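Novice: Return atomic coordinates for the entry below.
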Amino acid sequence: MNASVRDLLRARPDGGPILAGISTQGHPGVRDKEQARAEVEVTATRLAALQERLWAAQSASVLLVLQGMDTSGKGGTVEHVFRGVNPLGLDVAAFKKPTEEELSHHFLWRIDLQLPSPGEIVIFDRSHYEDVLVARVRELVPPETWRARYDEIVEWERKVAAAGTTIVKVYLHISYEEQRERLLARLDDPDKHWKFREADIDERAHWADYMAAYEDAIARCSIDEAPWYVVSADRKWYRNWAVSRLVVETLEELDPRFPDPGLDVPRLKDRLRPPN
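Specialist: Presented below is the predicted three-dimensional model:
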């Protein structure tokens, strides 16, 4: 593919609405499901090779932030996109409701603890953005508190990027109707009942508020050091294709190389020859 998917999907705040102009069923950059699935297979091989080089080089790291409404596919994205990656250099941090200890610290304290080490890819299933999303919509903190957090997040992300971690932030953009279908599908499948929370139905009553909160978070915190990408996610095949391309393009730009340990190969081979 010649066109950069990062350029295609990057949110570019210009003062106007961002999400309202992006279809949740779109598939920019790829023709159809068949093409997407074929390319995902090729991309998976490329991703595994690049991740191995990243882990070996130990000179940089990648943080993939996945945000979206319930059922938008954060877990499914991890499962499908990273299925061929060596788990040695991959970690997933799923941020739930803060514990009492976490609430006693600054809201970024628990996030700092999960940042990748050199050579690692870390995936945030939800993230520090919950503190300007749920905290805002559910009025868990005063407005002056969550409003100040946008600038804190931007400053923190710039520091993380300056320290050698490339940040890729993805908003999985699904529709109100698609979420309903996915929730119903969970109820229809006994094996998926464990994933169902009745609170998810309650949250649907605040859909417009969440969309406004996401709109502001993307507009206020999409910076060159840590841009936001909006991925249409009603079609799971497109979601997987788009996120895999975003990660591969990021790793290709980093271009990690295997270190050269300076081995004297002929001498070492000689030592491994069977005795006469």
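Novice: The residue lying closest to Ile218 once chain neighbours are set aside pairs with what?
Specialist: Excluding the flanking residues, the one nearest Ile218 by Cβ to Cβ, 6 or more residues apart in numbering is Trp228, at 4.6 Å. Every residue, glycine included, has its C-beta placed from N, CA and C. The partner list for Trp228 in beta bridges (DSSP bridges) reads Lys169.
Novice: residues in contact with Trp228?
Specialist: Contact analysis of Trp228 by Cβ atoms under 8 Å, 6 or more residues apart in numbering lists Arg10, Ala11, Lys169, Val170, Tyr171, Ile218, Cys221, Ser222.
Novice: Select from those residues the one having the most neighbours.
Specialist: Tyr171 (27 neighbours; other Cβ atoms under 10 Å).
Novice: Report the secondary structure state of it.
Specialist: Secondary structure, DSSP: H, G, I helix; E, B strand; the rest coil: Tyr171 is strand.
Novice: That one against Val231, yeah?
Specialist: Yes - if you go by Cβ atoms under 8 Å, Tyr171 and Val231 touch, sitting 6.9 Å apart.
Novice: Look at Ala49 and tell me its secondary structure.
Specialist: helix.
Novice: Okay, it and Ala94: tell me how far apart.
Specialist: Using Cβ to Cβ, to the nearest Å, Ala49 is found at 27 Å from Ala94.
Novice: wait, which of the contacts of Trp228 is closest to Asp209?
Specialist: Ile218 (15.1 Å; Cβ to Cβ).
Novice: mean confidence score for the helix or strand encompassing that closest one?
Specialist: If you go by DSSP states H and E, Ile218 is part of helix 207-221. For helix 207-221, mean pLDDT is 97.
Novice: Offset the numbering so it begins at 636, please.
Specialist: Renumbered: residue one is now 636, and that last one reads helix 842-856.
Novice: If we go by neighbour counts, what in that helix is buried?
Specialist: Across helix 842-856, burial judged by 16 or more other Cβ atoms under 10 Å covers Tyr845, Met846, Ala848, Tyr849, Glu850, Asp851, Ala852, Ile853, Ala854, Arg855, Cys856.
Novice: how about the residues you listed in TSV, adding distance to Glu884?
Specialist: Below are those laid out as TSV (distance: Cβ to Cβ, whole Å):
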residue	distance to Glu884
Tyr845	29
Met846	27
Ala848	28
Tyr849	23
Glu850	25
Asp851	27
Ala852	23
Ile853	20
Ala854	23
Arg855	24
Cys856	21
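Novice: and which of the residues you listed is nearest to Thr680?
Specialist: Ile853 (31.6 Å).
Novice: Contacts only, for the closest one.
Specialist: By Cβ under 8 Å, 6+ apart, the contact list for Ile853 reads Ala646, Pro648, Ile653, Leu654, Tyr806, Trp863, Val865.
Novice: Was I right to think Glu884 contacts Arg641?
Specialist: Yes - using Cβ under 8 Å, Glu884 is in contact with Arg641, at 5.2 Å.
Novice: Find the residue closest to Arg645 in space, skipping its chain neighbours.
Specialist: Counting by Cβ to Cβ, 6+ apart, the residue nearest Arg645 is Pro862, at 5.2 Å.
Novice: ok, that neighbour to Arg647 distance?
Specialist: Taken as Cβ to Cβ, the span from Pro862 to Arg647 is 9 Å.
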